[in-house]
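Trainee: Here is a sequence together with a model predicted from it:
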Amino acid sequence: MTYQPAIMSVSLGRAWLHDFDYKMSQASKAGFKGIEIFYEDLDYFAREISNNDTPTSDQLLQAADKIHSICQAYGLDIITLQPFLFYEGLKDRAQHGKLIEKMKLWLQLAKRLNTYTIQIPANFLPADQLTDDINVIVADLRQLADMGAAETPAIRYAYENLCWSTINDTWEKVWNVVKRVDRPNFGICLDTFNIAGRVWADPASPTGKTVNADSDLKESLERMVAEIDVAKVFYLQVVDAERMESPLVPGHPFHVDGQPARMSWSRNARAYMYEEDRGVYLPVEDVARAFVSGLGYKGWVSMELFSRTMAEEGHNVPDQHAQRGIASWKKLQRRLQLN
């Protein structure tokens with residue numbers, strides 16, 4: 001498979017501000033070939049077409065059908081449905097049971113969308129709600145993998161570390177879980193921001209970096225190339241972030257009490273790769289090069305974005321994000337010689 005560029009649906013503007021059909025038209029017009037469907041867009045679309053603030057399962061499935069038709073009309077493959085949040089390692093096993101029931105619907109939504117990958121971010125609930133028992137975490141995720149494998153065709157799960165995840169916040173920890181789950185349909189999503197944003201960057205530091213940033217990242221990427229089986233890399237997300245002008249601590253405009261600084265940073269200040277005019281500073285090209293040249297990955301590359309710019313009003317916001325995203329992709333394509 002060659003490299004194909006994708007973009008996340010909410011990166012073209014928040015669902016409640018911008019029309020889904022128009023966002024897809026702009027993604028296609030810019031040159032994207034695929035789209036990550038964010039559940040938020042699906043839920044909003046269901047509410048809009050049903051005039052119901054709490055859509056039923058049937059209404060969500062109808063929305064998935066319509067979203068698939070729109071994407072198909074614009075020549076966009078749906079590469080994943082995401083994010084299935086706050087699942088693994090819950091101490092509250094009754095809530096675990098509710099999420100298993102929710103996954104039954106997600107499996108049907110994925111099929112209606114004609115996608116066969118669901119993304120699971122590593123849990124970032126407060127530590128007192130989670131167990132760090134690796135056996136429980138693995139058993140929980142193996143349960144989902146087996147549910148997905150029972151579908152025809154099978155549904156895959158892409159597990160991803162977030163740089164603020166409570167327990168599995170590095171690719172190393174997530175890869176350890178993937179190996180232990182040991183199911184062919186359970187793999188990993190590698191993300192430039194979440195890797196560099198954990199081992200190299202620290203938005204709460206005056207320097208914007210961790211203490212041994214360069215050497216730690218270098219060693220981490222060397223381990224990645226040596227250890228990860230590329231067949232288990234289901235897709236990539238590439239994105240950068242702004243360096244904070246002042247440490248993201250209490251008093252900073254992005255600070256939220258009880259929310260990790262890296263999460264606040266991620267929600268507000270990501271930017272596409274190479275957007276120097278927006279203050280990007282992470283060594284994400286080094287990370288992307290490890291994915292491509294080191295691991296030998298080929299396949300979908302998603303230009304993922306979360307940013308305060310997504311919530312801006314104006315008809316041209318999806319246009320701007322689509323054009324910014326494809327410009328980033330084309331530069332990455334040139335610099336890494338992606339064919």
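Mentor: Right, received. Where do you want to start? Residues are numbered from 1 along each chain as shown.

Trainee: Next, give phi and psi for residue 234.
Mentor: Dihedral angles of residue 234 (phi, psi; degrees, to the nearest 10) stand at phi -80, psi -30.

Trainee: Distance check, it against residue 314.
Mentor: Note on residue 234: its distance to residue 314, by CB to CB, to the nearest Å, is 34 Å. The way it works is simple: take the backbone N, C-alpha and C, and place the C-beta from them, glycine included.

Trainee: ok, those two, which is more surrounded?
Mentor: Ranked by neighbour count (other CB atoms under 10 Å), residue 234 and residue 314 place residue 234 first, with 24 against 11.

Trainee: The more buried one: what's it in contact with?
Mentor: 117, 156, 158, 187-189, 299 (CB atoms under 8 Å, 6 or more residues apart in numbering).

Trainee: could you flag which of those residues are buried?
Mentor: Among the contacts of residue 234, the ones that count as buried by 16 or more other CB atoms under 10 Å are 117, 156, 158, 187-189.

Trainee: what is the rounded mean pLDDT of stretch 81-98?
Mentor: Stretch 81-98 comes out with an average pLDDT of 98.

Trainee: Give me the contacts around it.
Mentor: 36-39, 42, 99, 103, 106, 109-110, 113, 115, 117-125, 129-133, 136-137, 140-141, 144, 158, 167.

Trainee: Which residues belonging to that stretch are considered buried?
Mentor: 81-84, 86-90, 96.

Trainee: could I get stretch 159-176 in CSV with only the CA atoms?
Mentor: Extracted in CSV, the C-alpha atoms of stretch 159-176 (Å, rounded to 0.1, in the frame of the first residue of the first chain):
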residue,chain,number,x,y,z
TYR,A,159,-4.7,1.6,20.8
GLU,A,160,-3.0,5.0,21.3
ASN,A,161,-0.9,6.6,24.1
LEU,A,162,-1.9,10.1,24.9
CYS,A,163,0.9,12.2,26.4
TRP,A,164,-1.4,12.8,29.4
SER,A,165,-2.9,9.3,29.7
THR,A,166,-3.0,8.3,33.4
ILE,A,167,-1.1,5.0,33.1
ASN,A,168,-0.2,4.2,29.5
ASP,A,169,1.2,7.5,28.4
THR,A,170,4.1,6.4,26.2
TRP,A,171,4.3,4.3,23.1
GLU,A,172,6.5,1.8,25.1
LYS,A,173,3.7,1.2,27.6
VAL,A,174,1.0,0.9,24.9
TRP,A,175,3.2,-1.5,22.8
ASN,A,176,3.6,-3.7,25.9
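
Trainee: what sits against the residue lying closest to residue 283 once chain neighbours are set aside?
Mentor: With sequence-adjacent residues excluded and distances taken as CB to CB, 6 or more residues apart in numbering, residue 283 is closest to residue 196, at 5.8 Å. Residues near residue 196 by CB under 8 Å, 6+ apart: 217, 282-284, 286-287.

Trainee: Present the buried ones among the contacts of residue 234 as CSV; the columns should include distance to residue 23 and pLDDT.
Mentor: As requested, the buried ones among the contacts of residue 234 are arranged in CSV below (distance: CB to CB, whole Å; pLDDT from 0 to 100):
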residue, distance to residue 23, pLDDT
117, 20, 98
156, 25, 98
158, 22, 98
187, 28, 98
188, 28, 98
189, 22, 98
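
Trainee: Closest one of these to residue 223?
Mentor: Nearest to residue 223 among the buried ones among the contacts of residue 234: residue 188, at 13.9 Å, using CB to CB.

Trainee: is it fair to say that closest one lies in a strand?
Mentor: Yes - assessed with DSSP: H, G, I helix; E, B strand; the rest coil, residue 188 lies in a strand.

Trainee: so what's it bridging to?
Mentor: For residue 188, the beta-bridge partners are residue 159, residue 233 (DSSP bridges).

Trainee: From what I see, it and residue 160 are in contact.
Mentor: Yes - between residue 188 and residue 160 there is a contact at 7.0 Å, judged by CB atoms under 8 Å.

Trainee: what is in contact with the two at once?
Mentor: Common neighbours of residue 188 and residue 160 (CB under 8 Å, 6+ apart) are residue 174.

Trainee: Next one, pLDDT for residue 318 please.
Mentor: Reading off the model, residue 318 has pLDDT 84.

Trainee: From the rest of the structure, what touches stretch 187-194?
Mentor: 119, 156-163, 171, 174-175, 178, 228, 231-241, 266, 270, 273, 282, 284, 287-288, 291, 297, 304.

Trainee: Buried ones only from those, please, as a ChimeraX command.
Mentor: ChimeraX command restricting the contacts of stretch 187-194 to the buried ones, with burial defined by 16+ other CB under 10 Å:
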select :119,156,157,158,159,160,161,162,163,171,174,175,178,228,232,233,234,235,236,237,238,239,240,241,266,270,273,282,284,287,288,291,297,304
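
Trainee: Do a quick rundown of the helices in the stretch 201-339 of the chain.
Mentor: Using DSSP state H, counting those that start in this stretch, the helices assigned to the stretch 201-339 of the chain run over residues 213-227, 261-269, 284-289, 317-335.

Trainee: looking at the ones you listed, which is closest to residue 65?
Mentor: helix 317-335 (22.3 Å).

Trainee: list the buried ones in stretch 176-187?
Mentor: Applying 16+ other CB under 10 Å to stretch 176-187 flags 176-178, 181, 183, 185-187 as buried.
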